[in-house]
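1. Test case, fold it:
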Amino acid sequence: MNAPRADFRVRRSSDGGRDTLLLMTRPWTRSLLAAASISAALAVFSISLDAFGESGHRIVGSLAEMHLKNTRALKEVRKILQPNESLADAAYWPDRIKDPLYEDGDTAMFRLDHPGHDTYHYANLPFQASAYSLDVPGARPTDVVQAAREAIRVLRTGKGLFRAREALRLLAHFTGDIHQPLHVGNAFVSASGPLQFIVPNGATGWRTTLGGNALVYGPENRFNLHSYWDTHAVNITMGQDDVAAFSAKLFAQTKPQQSWSNSGDPETWPVQWATEGLARAKEVHQGIRLVSYLGPDDDKRVAHRWLIEQPAGYDDRARPLVTQQLALAGFRLAATLKAIWPD
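-> From the prediction side, this is the model:
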């Protein structure tokens with residue numbers, strides 16, 4: 001599937017139509033802030049952006065390394081990463097640097113060049129959408145799909161928005177993000193009348209759930225649907241295993257299916273993953289009941305919240321889906337790297 005090309009730079013889209021937003025040239029800070037303001041209405045900042053949490057991202061990186069054993073791609077990966085740095089480490093770095101107290105040799109310059117880096121981790125398309133496209137509300141030129149495409153482009157050509165090590169770490173992470181059901185597909189709720197999930201048509205009449213961050217449940221409404229899929233669903237799937245043990249078990253027990261492979265230009269693969277992910281987002285919202293409207297949280301970080309009720313057996317539905325998505329993400333990260341550096 002071909003999508004309009006969003007290159008983080010000034011250029012004509014591949015269909016010869018409208019110009020895409022250009023974000024490649026310095027100063028990047030000004031360009032990125034401009035892009036954020038354009039998409040503000042639909043690409044609202046999500047409170048929790050750690051798709052799959054630390055364990056999930058490390059599992060994706062670990063699986064990819066297993067799939068890359070004895071390949072040229074793994075040798076190229078090790079040239080880019082630091083000694084003793086694994087793809088599991090690389091996959092977690094883009095979340096780790098959201099902590100303002102965290103510092104390493106690369107973080108300061110990356111934050112300076114990309115002050116909006118935390119918004120690269122998601123898109124907010126209605127989960128009812130049939131396919132990812134930049135024309136769909138909630139997609140934007142700096143969303144997770146376009147950022148992953150840019151990372152692939154950098155690793156293939158040596159040119160682009162990111163440095164090579166940044167691109168590799170970001171690709172390892174964003175592959176996991178796109179395979180987490182709520183980092184592409186988002187629910188919108190009616191602003192008036194009966195509470196229901198709707199497709200946003202026009203500028204009013206709907207409110208975003210911020211990728212499930214605004215759909216809360218549990219004691220004192222402390223939990224939300226996004227964090228459920230980030231961490232809780234992963235934790236109950238892993239059981240008592242640590243990352244290494246679970247990764248090894250998943251690699252041994254899960255045989256890649258033909259449908260896992262993508263076709264066409266590797267730069268279009270994140271678009272294919274996102275389109276597939278919209279179907280997973282539909283599954284995630286199936287049976288979720290909107291109980292009541294709660295308004296903002298005490299800290300005024302979230303303007304609109306809704307109390308939800310999960311259907312019976314939701315954990316049992318989550319385990320096989322998480323297993324599948326982690327396995328897919330690890331396989332596809334490896335396949336992408338092998339496409340960039342074929343044997």
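
2. going forward, measure contacts and count neighbours with C-alpha atoms only.
-> Will do.

3. how about the one helix or strand F174 maps to: buried residues?
-> Assessed by DSSP states H and E, F174 sits inside helix 164-179. In terms of neighbour count (16 or more other CA atoms under 10 Å), helix 164-179 has its buried residues at 164-179.

4. and if you look at stretch 74-89?
-> Residues of stretch 74-89 classed as buried: 74, 77, 80-81, 86-89 (neighbour count, 16+ other CA under 10 Å).

5. Stretch 95-109 too?
-> Here stretch 95-109 shows 95-97, 107 as buried, counting by 16+ other CA under 10 Å.

6. Average pLDDT for it, rounded please.
-> The average pLDDT within stretch 95-109 is 94.

7. Next: stretch 66-80.
-> Across stretch 66-80, the average pLDDT comes to 98.

8. how long is that stretch from one end to the other?
-> 18 Å (CA to CA, to the nearest Å).

9. Over to stretch 94-112?
-> 14 Å.

10. How much space separates the most far-flung residue of the chain relative to its centre from D297?
-> Centroid-distance maximum for the chain: G193 at 31.9 Å, with CA atoms, centre = their mean. Separation of G193 from D297 (CA to CA) stands at 22 Å.

11. What of G313?
-> Taking CA to CA, one finds G313 at 28 Å from D297.

12. Have a look at the two and say which one is more surrounded.
-> Neighbour count, other CA atoms under 10 Å: between G313 and D297, D297 has more, with 13 against 8.

13. What score does that one have for pLDDT?
-> 93.

14. so it sits in a helix?
-> No: secondary structure of D297, determined by DSSP: H, G, I helix; E, B strand; the rest coil: coil, with no helix assignment.

15. Contact partners for it?
-> 303-305 (CA atoms under 8 Å, 6 or more residues apart in numbering).

16. Now which of these would you call buried?
-> Among the contacts of D297, those scoring as buried are 304-305 (criterion: 16+ other CA under 10 Å).

17. Going by distance to L278, which of the contacts of D297 wins?
-> Ranked by distance to L278 (CA to CA), the contacts of D297 are led by R305 at 22.1 Å.

18. how long is stretch 248-264 end to end?
-> First residue to last in stretch 248-264 (CA to CA) measures 30 Å.

19. again with stretch 101-120
-> Using CA to CA, the end-to-end distance of stretch 101-120 comes to 20 Å.

20. same deal with stretch 303-322?
-> Stretch 303-322 has an end-to-end distance of 29 Å (criterion: CA to CA).

21. Next, the angle helix 164-179 makes with the helix or strand hosting E150.
-> Secondary structure assigned from DSSP H and E places E150 in helix 144-157. On the basis of axes from the mean of the first three to the mean of the last three CA atoms, to 10 degrees, helix 144-157 is oriented at 140 degrees to helix 164-179.

22. average pLDDT across helix 144-157?
-> In this model, helix 144-157 has an average pLDDT of 98.

23. Which helix or strand contains M109?
-> Assigned by DSSP H and E, M109 falls in helix 107-113.

24. and that helix, how far out from the chain's middle?
-> Centroid separation between helix 107-113 and its chain, computed with CA atoms, centre = their mean, to the nearest Å, is 21 Å.

25. hmm, back to that, so which of the buried residues of stretch 74-89 sit within helices?
-> Using DSSP state H, the subset of the buried residues of stretch 74-89 located in helices is 74, 77, 80, 87-89.

26. Which single one of those residues is nearest to F251?
-> Using CA to CA, these come closest to F251 at A88, 14.4 Å.

27. measure the closest one to L168 for me?
-> Taking CA to CA, one finds A88 at 11 Å from L168.

28. Tell me the spacing between N224 and T336.
-> Applying CA to CA to N224 and T336 gives a distance of 32 Å.

29. swap that for F246, please
-> To T336, F246 is 23 Å away according to CA to CA.
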